[in-house]
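A.B. asks: Need a 3D model of the sequence below.
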Amino acid sequence: MTEPQFRGIYPMLYAWFDGTDRLDRGANDAQVEGCIAAGVHGLAVGGLASECNKLTVDERRDHARWTLEAAAGRVPVSVTVSDNTVGGQIESVARAADAGAAWAVLQPPPVKSASEEELIRFFGAVADASPIPIGIQNAPEYIGIGLSNAGLIDLNRRHRNVSILKAEGTGLYIGRLAEDSAGVFTLFNGRNGIELLDSLRHGCDGLIPGVEACDVESRIFEHLAAGRGDEADREFREILPLLHFLMHTIDHLLCYGKRLAAWRLGIDEVHDRGPAQVPHPVGMAILNHWSRDLGKLGQ
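C.D. replies: This is a model prediction of the structure:
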(Lines give C-alpha, C1' and ligand atoms only; values in the text may rest on other atoms or scores of the structure.)
Protein backbone atom coordinates (compact mmCIF):
# COMPACT_ATOMS: atom_id res chain seq x y z
CA MET A 1 0.00 0.00 0.00
CA THR A 2 1.41 3.41 -0.98
CA GLU A 3 2.02 6.24 1.47
CA PRO A 4 -1.13 8.41 1.70
CA GLN A 5 -0.93 11.76 -0.03
CA PHE A 6 -2.64 13.45 2.93
CA ARG A 7 -1.90 12.66 6.56
CA GLY A 8 -1.59 14.21 9.98
CA ILE A 9 -3.57 16.81 11.91
CA TYR A 10 -5.88 19.13 9.95
CA PRO A 11 -7.70 21.37 12.45
CA MET A 12 -11.17 22.49 11.37
CA LEU A 13 -11.05 26.28 11.45
CA TYR A 14 -13.63 28.36 13.26
CA ALA A 15 -15.64 31.09 11.56
CA TRP A 16 -14.93 34.35 13.41
CA PHE A 17 -17.38 37.23 13.43
CA ASP A 18 -16.89 40.91 14.19
CA GLY A 19 -19.16 43.18 16.22
CA THR A 20 -21.41 43.73 13.20
CA ASP A 21 -21.99 39.97 12.65
CA ARG A 22 -19.77 39.84 9.56
CA LEU A 23 -17.03 37.31 8.99
CA ASP A 24 -13.77 38.65 10.41
CA ARG A 25 -10.94 38.10 7.93
CA GLY A 26 -8.29 39.42 10.30
CA ALA A 27 -9.22 36.88 12.97
CA ASN A 28 -9.20 34.12 10.37
CA ASP A 29 -5.73 35.15 9.20
CA ALA A 30 -4.54 35.02 12.81
CA GLN A 31 -6.06 31.55 13.15
CA VAL A 32 -4.28 30.28 10.04
CA GLU A 33 -0.94 31.70 11.22
CA GLY A 34 -1.38 30.28 14.71
CA CYS A 35 -2.20 26.80 13.44
CA ILE A 36 0.70 26.70 10.99
CA ALA A 37 3.10 27.95 13.67
CA ALA A 38 1.75 25.21 15.95
CA GLY A 39 3.02 22.53 13.57
CA VAL A 40 -0.18 21.26 11.95
CA HIS A 41 0.08 19.13 8.83
CA GLY A 42 -2.80 20.83 7.01
CA LEU A 43 -5.91 22.95 7.52
CA ALA A 44 -9.60 22.19 7.11
CA VAL A 45 -12.39 24.70 6.61
CA GLY A 46 -16.12 24.64 5.97
CA GLY A 47 -17.28 21.89 8.33
CA LEU A 48 -19.58 21.83 11.34
CA ALA A 49 -17.06 23.64 13.56
CA SER A 50 -16.87 26.31 10.86
CA GLU A 51 -20.59 26.85 11.46
CA CYS A 52 -21.41 26.00 7.86
CA ASN A 53 -25.09 25.85 8.83
CA LYS A 54 -25.01 29.53 9.89
CA LEU A 55 -23.18 30.91 6.86
CA THR A 56 -24.55 32.00 3.51
CA VAL A 57 -23.20 30.36 0.37
CA ASP A 58 -21.06 33.44 -0.30
CA GLU A 59 -19.76 33.45 3.28
CA ARG A 60 -18.77 29.79 3.09
CA ARG A 61 -16.90 30.40 -0.13
CA ASP A 62 -15.24 33.55 1.23
CA HIS A 63 -14.14 31.66 4.35
CA ALA A 64 -12.52 28.98 2.20
CA ARG A 65 -10.88 31.50 -0.15
CA TRP A 66 -9.49 33.62 2.70
CA THR A 67 -8.05 30.50 4.32
CA LEU A 68 -6.37 29.38 1.11
CA GLU A 69 -4.94 32.85 0.51
CA ALA A 70 -3.60 33.06 4.06
CA ALA A 71 -2.12 29.55 3.95
CA ALA A 72 -0.42 30.45 0.65
CA GLY A 73 0.54 26.86 -0.12
CA ARG A 74 2.49 26.32 3.11
CA VAL A 75 0.25 23.41 4.10
CA PRO A 76 -2.48 21.57 2.18
CA VAL A 77 -6.03 22.78 2.79
CA SER A 78 -9.17 20.65 2.77
CA VAL A 79 -12.44 22.44 2.00
CA THR A 80 -15.75 20.98 3.14
CA VAL A 81 -18.77 21.86 1.00
CA SER A 82 -22.30 21.68 2.37
CA ASP A 83 -24.47 22.91 -0.50
CA ASN A 84 -27.73 20.99 -0.72
CA THR A 85 -27.67 20.36 -4.48
CA VAL A 86 -25.34 18.54 -6.84
CA GLY A 87 -24.86 21.70 -8.88
CA GLY A 88 -24.09 23.77 -5.80
CA GLN A 89 -21.49 21.30 -4.56
CA ILE A 90 -19.88 21.04 -7.99
CA GLU A 91 -19.54 24.83 -8.13
CA SER A 92 -18.19 25.09 -4.57
CA VAL A 93 -15.62 22.35 -5.21
CA ALA A 94 -14.55 24.02 -8.46
CA ARG A 95 -14.11 27.37 -6.70
CA ALA A 96 -12.10 25.75 -3.92
CA ALA A 97 -9.91 23.90 -6.41
CA ASP A 98 -9.28 27.07 -8.42
CA ALA A 99 -8.23 28.82 -5.19
CA GLY A 100 -5.74 26.05 -4.35
CA ALA A 101 -7.58 23.50 -2.21
CA ALA A 102 -5.79 20.15 -2.09
CA TRP A 103 -8.95 18.12 -1.54
CA ALA A 104 -12.62 18.64 -0.83
CA VAL A 105 -15.01 16.96 1.59
CA LEU A 106 -18.69 16.56 0.73
CA GLN A 107 -21.41 16.69 3.33
CA PRO A 108 -24.65 14.84 2.52
CA PRO A 109 -27.79 16.84 1.77
CA PRO A 110 -30.07 17.10 4.84
CA VAL A 111 -32.57 14.47 3.69
CA LYS A 112 -32.58 11.86 6.42
CA SER A 113 -34.85 9.51 4.49
CA ALA A 114 -32.53 9.37 1.45
CA SER A 115 -31.49 5.84 0.49
CA GLU A 116 -27.87 4.76 0.16
CA GLU A 117 -28.28 4.53 -3.60
CA GLU A 118 -29.51 8.13 -3.73
CA LEU A 119 -26.58 9.32 -1.64
CA ILE A 120 -24.12 7.40 -3.81
CA ARG A 121 -25.57 9.01 -6.94
CA PHE A 122 -25.39 12.47 -5.31
CA PHE A 123 -21.79 12.13 -4.14
CA GLY A 124 -20.73 10.38 -7.34
CA ALA A 125 -22.04 13.16 -9.59
CA VAL A 126 -20.03 15.74 -7.62
CA ALA A 127 -16.91 13.57 -7.54
CA ASP A 128 -16.99 12.91 -11.29
CA ALA A 129 -16.93 16.67 -11.94
CA SER A 130 -14.16 17.42 -9.43
CA PRO A 131 -10.57 18.19 -10.47
CA ILE A 132 -9.26 17.36 -6.97
CA PRO A 133 -9.61 14.29 -4.72
CA ILE A 134 -12.94 14.00 -2.95
CA GLY A 135 -13.66 12.96 0.62
CA ILE A 136 -16.98 12.20 2.25
CA GLN A 137 -17.95 13.32 5.75
CA ASN A 138 -19.72 10.32 7.20
CA ALA A 139 -21.03 11.62 10.52
CA PRO A 140 -24.61 10.43 11.09
CA GLU A 141 -24.31 11.20 14.81
CA TYR A 142 -23.92 14.90 14.01
CA ILE A 143 -25.54 15.29 10.57
CA GLY A 144 -28.30 12.70 10.88
CA ILE A 145 -27.53 10.84 7.66
CA GLY A 146 -24.66 8.73 6.33
CA LEU A 147 -23.52 5.63 4.50
CA SER A 148 -22.76 2.14 5.75
CA ASN A 149 -19.27 0.70 5.28
CA ALA A 150 -20.58 -1.28 2.31
CA GLY A 151 -22.11 1.88 0.84
CA LEU A 152 -18.85 3.81 1.17
CA ILE A 153 -16.89 1.00 -0.48
CA ASP A 154 -19.42 0.83 -3.32
CA LEU A 155 -19.13 4.61 -3.76
CA ASN A 156 -15.36 4.30 -4.18
CA ARG A 157 -15.72 1.35 -6.57
CA ARG A 158 -18.02 3.38 -8.82
CA HIS A 159 -16.25 6.72 -8.42
CA ARG A 160 -12.53 6.31 -7.79
CA ASN A 161 -12.04 10.01 -7.12
CA VAL A 162 -13.82 9.45 -3.80
CA SER A 163 -10.61 8.40 -2.10
CA ILE A 164 -10.77 10.08 1.35
CA LEU A 165 -13.14 9.64 4.28
CA LYS A 166 -13.78 11.82 7.29
CA ALA A 167 -15.52 9.01 9.12
CA GLU A 168 -16.43 10.20 12.59
CA GLY A 169 -16.75 7.45 15.15
CA THR A 170 -15.15 5.36 17.85
CA GLY A 171 -11.82 3.63 17.49
CA LEU A 172 -13.68 0.33 17.06
CA TYR A 173 -15.75 1.77 14.21
CA ILE A 174 -12.61 3.14 12.54
CA GLY A 175 -10.83 -0.20 12.88
CA ARG A 176 -13.72 -2.08 11.30
CA LEU A 177 -14.01 0.47 8.48
CA ALA A 178 -10.28 0.28 7.76
CA GLU A 179 -10.49 -3.51 7.72
CA ASP A 180 -13.57 -3.61 5.48
CA SER A 181 -12.23 -1.06 2.99
CA ALA A 182 -8.77 -2.68 2.76
CA GLY A 183 -6.85 0.53 2.20
CA VAL A 184 -8.86 2.09 -0.64
CA PHE A 185 -9.44 5.25 1.42
CA THR A 186 -7.18 7.77 3.09
CA LEU A 187 -8.98 7.74 6.42
CA PHE A 188 -9.48 10.62 8.86
CA ASN A 189 -11.50 10.76 12.07
CA GLY A 190 -12.93 13.87 13.69
CA ARG A 191 -14.69 14.05 17.07
CA ASN A 192 -12.21 16.72 18.18
CA GLY A 193 -9.51 14.12 18.64
CA ILE A 194 -11.04 12.20 21.55
CA GLU A 195 -10.26 8.99 19.62
CA LEU A 196 -6.87 10.25 18.45
CA LEU A 197 -4.53 7.39 19.32
CA ASP A 198 -7.02 4.57 18.87
CA SER A 199 -7.82 5.98 15.42
CA LEU A 200 -4.17 6.32 14.37
CA ARG A 201 -3.28 2.87 15.66
CA HIS A 202 -6.16 1.18 13.88
CA GLY A 203 -6.32 2.59 10.39
CA CYS A 204 -6.45 6.40 10.36
CA ASP A 205 -3.95 8.45 8.39
CA GLY A 206 -4.86 11.58 10.32
CA LEU A 207 -7.51 13.49 12.22
CA ILE A 208 -9.56 16.64 11.76
CA PRO A 209 -9.97 17.99 15.32
CA GLY A 210 -10.60 21.53 16.54
CA VAL A 211 -8.15 24.41 16.58
CA GLU A 212 -7.80 24.82 20.33
CA ALA A 213 -5.37 21.92 21.01
CA CYS A 214 -3.97 21.37 17.52
CA ASP A 215 -0.38 21.87 18.66
CA VAL A 216 -0.62 19.09 21.25
CA GLU A 217 -2.41 16.79 18.82
CA SER A 218 0.22 17.44 16.14
CA ARG A 219 2.98 16.51 18.60
CA ILE A 220 1.12 13.35 19.56
CA PHE A 221 0.85 12.41 15.88
CA GLU A 222 4.59 12.94 15.38
CA HIS A 223 5.46 10.96 18.51
CA LEU A 224 3.45 7.99 17.28
CA ALA A 225 4.79 8.24 13.71
CA ALA A 226 8.35 8.22 15.08
CA GLY A 227 7.71 5.15 17.23
CA ARG A 228 7.51 7.08 20.51
CA GLY A 229 4.27 5.44 21.59
CA ASP A 230 4.83 5.94 25.31
CA GLU A 231 5.34 9.67 24.84
CA ALA A 232 2.25 9.85 22.64
CA ASP A 233 0.24 8.08 25.34
CA ARG A 234 1.53 10.44 28.03
CA GLU A 235 0.61 13.62 26.17
CA PHE A 236 -2.76 12.20 25.15
CA ARG A 237 -3.65 11.33 28.75
CA GLU A 238 -2.91 14.93 29.72
CA ILE A 239 -5.08 16.54 27.01
CA LEU A 240 -7.95 14.03 26.93
CA PRO A 241 -10.02 15.55 29.78
CA LEU A 242 -10.07 18.87 27.91
CA LEU A 243 -11.02 17.23 24.59
CA HIS A 244 -13.73 15.20 26.33
CA PHE A 245 -15.21 18.31 27.95
CA LEU A 246 -15.26 20.20 24.66
CA MET A 247 -16.84 17.45 22.55
CA HIS A 248 -20.24 17.07 24.28
CA THR A 249 -22.04 18.55 21.25
CA ILE A 250 -21.14 20.78 18.31
CA ASP A 251 -22.89 23.74 19.98
CA HIS A 252 -20.90 23.11 23.17
CA LEU A 253 -17.65 23.00 21.19
CA LEU A 254 -18.51 26.26 19.47
CA CYS A 255 -19.23 27.89 22.81
CA TYR A 256 -16.19 26.77 24.81
CA GLY A 257 -13.69 25.57 22.20
CA LYS A 258 -13.90 28.82 20.28
CA ARG A 259 -13.26 30.83 23.46
CA LEU A 260 -10.19 28.76 24.28
CA ALA A 261 -8.95 29.08 20.70
CA ALA A 262 -9.48 32.84 20.84
CA TRP A 263 -7.34 33.15 23.96
CA ARG A 264 -4.60 30.97 22.50
CA LEU A 265 -4.63 32.91 19.22
CA GLY A 266 -4.69 36.37 20.82
CA ILE A 267 -8.18 37.20 19.53
CA ASP A 268 -9.62 39.71 21.98
CA GLU A 269 -13.33 38.94 21.85
CA VAL A 270 -15.65 36.20 20.61
CA HIS A 271 -18.76 37.44 18.83
CA ASP A 272 -21.25 34.60 18.49
CA ARG A 273 -23.65 34.39 15.57
CA GLY A 274 -26.98 33.51 17.06
CA PRO A 275 -28.66 31.41 17.96
CA ALA A 276 -25.71 30.17 20.00
CA GLN A 277 -25.01 28.48 23.32
CA VAL A 278 -24.09 30.99 26.01
CA PRO A 279 -21.09 30.18 28.23
CA HIS A 280 -21.88 29.40 31.86
CA PRO A 281 -19.53 30.22 34.77
CA VAL A 282 -19.29 26.52 35.67
CA GLY A 283 -18.45 25.63 32.09
CA MET A 284 -15.78 28.31 31.96
CA ALA A 285 -14.33 27.08 35.25
CA ILE A 286 -14.06 23.53 33.87
CA LEU A 287 -12.54 24.84 30.64
CA ASN A 288 -9.98 26.93 32.50
CA HIS A 289 -9.04 24.03 34.77
CA TRP A 290 -8.31 21.54 32.00
CA SER A 291 -6.57 24.09 29.74
CA ARG A 292 -4.48 25.71 32.47
CA ASP A 293 -1.17 24.35 31.16
CA LEU A 294 -1.70 25.53 27.58
CA GLY A 295 -0.01 28.67 26.31
CA LYS A 296 -0.40 30.71 23.16
CA LEU A 297 -0.59 28.73 19.90
CA GLY A 298 2.67 28.55 18.03
CA GLN A 299 4.82 29.81 20.91
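
A.B. asks: all strands for this structure, in order.
C.D. replies: 8-9, 43-45, 77-81, 103-106, 134-138, 162-167, 186-189, 206-207 (DSSP state E).

A.B. asks: Report all helices and strands that the fourth one contacts.
C.D. replies: I take that to be strand 103-106. strand 77-81, helix 86-99, helix 116-128, strand 134-138, strand 162-167 (3 or more Cβ pairs under 8 Å, 6 or more residues apart in numbering; DSSP states H and E). Backbone N, C-alpha and C define where each C-beta goes, glycine included.

A.B. asks: and of these, who's closest to residue 278?
C.D. replies: Of all these, strand 77-81 sits nearest to residue 278, with 26.4 Å by Cβ to Cβ.

A.B. asks: hang on, the earlier thing: save the helices and strands packed on strand 103-106 as a markdown table, and put in mean neighbour count and distance to residue 190 too.
C.D. replies: Shown next, in a markdown table, are the helices and strands packed on strand 103-106 (neighbours: other Cβ atoms under 10 Å; distance: least, Cβ to Cβ, whole Å):
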| stretch | mean neighbour count | distance to residue 190 |
| --- | --- | --- |
| strand 77-81 | 28 | 11 |
| helix 86-99 | 18 | 19 |
| helix 116-128 | 18 | 18 |
| strand 134-138 | 26 | 8 |
| strand 162-167 | 25 | 6 |
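
A.B. asks: Using JSON lines, please lay out those together with distance to residue 291 and mean pLDDT.
C.D. replies: Listed next are these as JSON lines, based on distance: least, Cβ to Cβ, whole Å; pLDDT from 0 to 100:
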{"stretch": "strand 77-81", "distance to residue 291": "26", "mean pLDDT": "98"}
{"stretch": "helix 86-99", "distance to residue 291": "32", "mean pLDDT": "98"}
{"stretch": "helix 116-128", "distance to residue 291": "37", "mean pLDDT": "97"}
{"stretch": "strand 134-138", "distance to residue 291": "27", "mean pLDDT": "95"}
{"stretch": "strand 162-167", "distance to residue 291": "25", "mean pLDDT": "96"}
